[in-house]
Structure formats: C-alpha cells, structure tokens
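S.K.: my questions are about this predicted structure, shown below with the sequence.
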Amino acid sequence: MAVRKRSRTGMAGLAILVTAVTAFTGSAQASGGVASTVVEHRATQTAMDAAVKAGVPGVTAEARDADGVWKSASGVGDLKTGAPRGRNDRFRVSSITDTFVATVLLQMEAEKRLDLDDPVARHLPGLLSGLGKPGRDITVRQLLNHTSGLFDYLADPGYGETYLAGEGYLQHRFDTLTAEQRVRVALAHAPLFAPGARHSFSTTNDVLAALIVEKIAGRSYEDEVRDRIIEPLGLRATSFPGNRVRLPRPSSRAYSRLFASQPDRIDDVTEVNGSQNWGSGDIVSTTADLNRFYAALMRGKLLPLRQLKEMKTTNDNPDVPGASYGLDIERFQLSCGTTVWYHDGGMVGWLTLAATTEDGRHQLTLDYNADWGAETVLPIVNAEFCPASS
C-alpha cells in the first residue's frame with residue numbers, strides 16, 4: 001500500500017513506503033488473535049499518536065466495525081494557536097474524488113448512456129487528437145484504471161514550479177484554472193506508453209473522466225455527484241468548493257514544506273482556489289462521510305452487481321508490490337490476511353486515506369493536515385485491520 005502525493009518539485013506519483021511496508025509486514029505477521037474492539041482502537045490511537053510524535057501536526061480518523069463507530073484525533077489543528085485537531089474536521093480529500101467520479105460513470109453505463117470501452121474521443125471529440133493514434137485508442141475504462149498512458153500534468157516541471165511548490169505556489173494558489181488548461185499541460189508531453197500496456201496513475205485521466213460526466217449529463221459533474229451520491233447517502237458534510245478558497249467549518253489549518261532548500265520551513269496552505277483541483281481532487285468531506293460512501297459502494301447500494309464487479313476488476317500496480325488497481329479504487333492484501341479496498345489522496349497540505357473490507361463492514365478513514373509523514377500511514381492501517389493478540 002502506498003500514499004499518493006506530490007513532491008516538493010511538483011512531481012506526482014506513488015510514494016512507495018518501503019520502510020513502512022517492511023515494518024508493517026513484521027508487525028502483522030506477529031499478530032495471531034483477534035483483539036477486543038477497545039484494544040483494537042487503542043492500537044489505532046497509539047499509531048496516530050506516533051505519527052504526531054514523528055512530526056505530523058494532526059490526525060483525524062474514524063473507524064466503523066460491528067461494534068460501532070470510533071472517532072478520534074491526535075495532535076493540533078492550528079500550529080499558531082495550538083488548537084487540537086478536530087474529530088469532525090472537514091478537509092480536502094484530493095484524489096479520493098476519483099472514486100466518486102468513477103461511480104457516476106459506472107451508473108451511467110448501467111443506464112446505457114455510455115460504454116466503458118467507448119473511445120474517449122467519442123465523448124470528447126478533438127481533445128486528444130494531437131496525440132495521433134494513441135489519442136484515438138484511449139478508452140473511458142483506461143482513464144478509470146489508469147492504463148491510458150497519458151502524462152500526468154502534475155509532473156510537468158513548469159506546472160509544478162508554478163502551482164505546487166515554493167514561491168510559485170504562494171503567488172498562484174488563488175488563480176482560477178480550467179480543466180482544459182490542465183489537460184493541455186499534459187498533452188504537451190508524449191504518452192508514456194501505448195493505451196492498455198500497464199498501470200500508471202495520472203491525474204490527467206481523472207480530469208478527463210469528470211469532463212466526460214459533464215458531456216453525457218449536459219450539466220456539471222458536481223451536480224451529478226451531488227444528486228447521485230451525496231444527497232441519497234446523506235453526506236451532509238461533503239461539498240464542492242468551486243472557485244472558493246476557504247474551507248467550511250469545522251476544519252483545521254493545512255501545512256506544507258514548500259521549499260526543498262528550507263526543509264524546516266512550514267507554510268500554512270489552507271486556502272487555495274478549488275478550481276485548481278476540479279474533477280480530480282476538489283471534494284471537501286469528513287472521515288464519517290467518506291466511510292459512509294465506501295460502505296455503500298462496497299455493499300452494492302450505489303452500483304448494480306455487474307458495474308461493481310467491473311470496478312473491482314484490477315490491474316497489477318507495478319509500483320506497489322501486492323497492490324492492484326481497479327476503476328479508481330485499489331485492492332491490497334495485508335499480511336495478516338485481510339484484504340482492503342482503498343483510495344488515498346495527497347495534495348499540498350493534506351494526506352488522506354480511506355480503506356474498507358470487501359463487505360463494507362469494517363472501515364477506516366484518516367486525514368493528516370500536512371503533506372508529509374506518509375510513512376506513518378501504514379502503521380495506522382495495520383493497527384486497525386490487523387490487531388495484535390489480546
């Protein structure tokens with residue numbers, strides 16, 4: 001398992017947690033029994049506290065299992081005032097947004113409004129024409145399972161210097177960007193490989209997927225997600241920022257180490273124009289709402305059986321041993337034998353992960369109000385899903 005995040009140079013990709021995986025495997029293999037719920041969550045709390053001790057400002061989390069709902073937090077939500085991290089904080093979920101978009105597209109497939117094997121060009125004519133044959137061959141399914149080969153615009157050095165790091169970020173974080181502007185950055189680069197050749201996560205795929213939702217629906221992707229998922233599930237703390245820069249309350253401040261040359265410098269990056277992450281990372285939510293969403297998804301409340309099976313049909317993720325990627329959701333078997341389906345999100349100022357068992361009956365969602373400390377995420381997952389012997 002890995003946490004996707006953006007590096008200080010603006011590059012995007014999978015931060016492979018080799019050290020954490022090694023420690024995680026050993027710890028999980030050492031656990032042989034099933035602990036009580038109290039002990040189980042005590043271990044989760046201890047792992048959260050350890051992340052804060054290692055330097056993460058604050059963590060908020062919620063776990064749900066057969067014994068009920070457990071909510072907790074650790075550390076601070078505001079480094080200036082020392083206010084604690086809130087258990088009900090709202091935060092930017094980053095690429096967890098992708099699972100919402102994929103769910104809408106699968107619902108549209110069930111309604112026969114598209115086929116996942118349609119070429120993208122059928123729904124967004126001309127947009128990928130500059131890529132030649134690869135642009136004609138990429139399908140909607142390949143966007144969702146990230147086998148399109150499209151370059152990730154976040155990995156463009158110029159984009160990174162302007163919008164993801166250093167003075168560029170501080171000067172441009174309130175800029176309004178369109179989806180087409182971000183896609184054009186990606187299309188200035190040749191595809192990484194032929195469509196369908198392998199898996200490689202690219203944020204460009206997710207922006208295109210949201211554009212396809214809009215083209216088919218004839219209205220905003222936000223309206224589609226709201227009407228199809230947010231309102232039916234009663235996700236009252238989940239929203240879209242549009243061009244707004246502030247977070248709804250309750251919320252904590254978000255922090256980033258924007259300057260590679262000043263590793264000890266920490267900047268408050270809470271405010272940012274929501275349009276910069278439109279369609280691929282703009283949703284604002286809570287741990288409780290994300291747990292409700294993934295539980296409903298895994299239990300078949302949002303998709304017919306055929307579409308849920310499609311979502312859970314995976315390709316090996318060559319960047320993360322043991323992981324395989326479906327349609328904007330990932331599968332990982334823990335060394336204690338538990339399989340979790342998860343999605344993570346990493347953006348300037350935030351790291352988020354939502355994980356659930358396949359039956360949707362045991363879940364954990366957590367959020368860091370900082371974009372570092374990814375190596376401490378996996379021990380928290382271990383503590384929750386692979387409890388030590390009581």
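M.R.: Cool, the structure landed. Just so we're clear, the structure is a prediction, and the values are computed from it rather than from any experiment.
S.K.: and for residue 206, the neighbour number?
M.R.: 26 (other CB atoms under 10 Å). To be clear about C-beta, it is placed using only N, CA and C from the backbone, and glycine gets the same treatment.
S.K.: element containing it?
M.R.: For residue 206, the host element (DSSP states H and E) is helix 203-217.
S.K.: now the element after that helix, going C-ward?
M.R.: Criterion used, DSSP H and E; the element after helix 203-217 is helix 221-225.
S.K.: buried stuff in that following helix?
M.R.: Across helix 221-225, burial judged by 16 or more other CB atoms under 10 Å covers 221-222, 224-225.
S.K.: farthest-separated two in the residues you listed?
M.R.: 222 and 224 (7.3 Å; CB to CB).
S.K.: now the longest helix seen in the chain: average pLDDT?
M.R.: Across the chain, the longest stretch assigned as helix under DSSP state H is helix 37-53. With pLDDT averaged residue by residue, helix 37-53 scores 86.
S.K.: just checking, what packs against the helix or strand just after that helix?
M.R.: Later in the chain than helix 37-53, the nearest helix or strand by DSSP H and E is strand 58-65. Using 3 or more CB pairs under 8 Å, 6 or more residues apart in numbering; DSSP states H and E, the elements in contact with strand 58-65 are helix 37-53, strand 68-75, helix 287-298, strand 363-368, helix 377-385.
S.K.: again, only this time at 10 Å
M.R.: Secondary-structure packing of strand 58-65 (3 or more CB pairs under 10 Å, 6 or more residues apart in numbering; DSSP states H and E): helix 37-53, strand 68-75, helix 287-298, strand 350-357, strand 363-368, helix 377-385.
S.K.: got these as JSON lines, with mean neighbour count and distance to residue 110 columns?
M.R.: What follows is the helices and strands packed on strand 58-65, written out as JSON lines (neighbours: other CB atoms under 10 Å; distance: least, CB to CB, whole Å):
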{"stretch": "helix 37-53", "mean neighbour count": "18", "distance to residue 110": "36"}
{"stretch": "strand 68-75", "mean neighbour count": "18", "distance to residue 110": "31"}
{"stretch": "helix 287-298", "mean neighbour count": "24", "distance to residue 110": "14"}
{"stretch": "strand 350-357", "mean neighbour count": "26", "distance to residue 110": "22"}
{"stretch": "strand 363-368", "mean neighbour count": "29", "distance to residue 110": "24"}
{"stretch": "helix 377-385", "mean neighbour count": "25", "distance to residue 110": "31"}
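S.K.: residue 277: which of those is closest?
M.R.: strand 350-357 (10.5 Å).
S.K.: so what strands line up beside that closest one?
M.R.: strand 339-347 (antiparallel), strand 363-368 (antiparallel) (DSSP bridges).
S.K.: got the CA positions of the last one in CSV?
M.R.: Pointing back at strand 363-368 there. Output of strand 363-368 as CSV, limited to C-alpha atoms (Å, rounded to 0.1, in the frame of the first residue of the first chain):
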residue,chain,number,x,y,z
GLN,A,363,-13.6,0.8,7.7
LEU,A,364,-11.0,3.4,8.5
THR,A,365,-10.6,6.9,7.1
LEU,A,366,-7.9,9.2,8.3
ASP,A,367,-6.6,12.6,7.3
TYR,A,368,-3.3,14.4,8.0
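S.K.: so it versus helix 377-385, what angle?
M.R.: Going by axes from the mean of the first three to the mean of the last three CA atoms, to 10 degrees, strand 363-368 is angled at 150 degrees with respect to helix 377-385.
S.K.: and what of the longest one?
M.R.: Strand 339-347 and helix 377-385 are oriented at 140 degrees to each other (the same axes, to 10 degrees).
S.K.: got the buried residues for strand 339-347?
M.R.: 340-347.
S.K.: would you reformat these as TSV and include distance to residue 299 and pLDDT?
M.R.: TSV is the format used below for these (distance: CB to CB, whole Å; pLDDT from 0 to 100):
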residue	distance to residue 299	pLDDT
340	15	96
341	12	97
342	16	97
343	17	97
344	21	95
345	22	95
346	27	96
347	29	97
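S.K.: out of these, the closest to residue 195 would be?
M.R.: residue 343 (22.5 Å).
S.K.: ok, now which ones touch the closest one?
M.R.: By CB atoms under 10 Å, 6 or more residues apart in numbering, the contact list for residue 343 reads 4, 93-100, 102, 290, 294, 325-326, 328-330, 352-356.
S.K.: in the sheet, who's paired with it?
M.R.: Bridge pairing for residue 343 - DSSP bridges - gives residue 354.
S.K.: relative to residue 260, how far out is it?
M.R.: Residue 343 sits 27 Å away from residue 260, taking CB to CB, to the nearest Å as the criterion.
S.K.: what do you get for residue 150?
M.R.: 27 Å.
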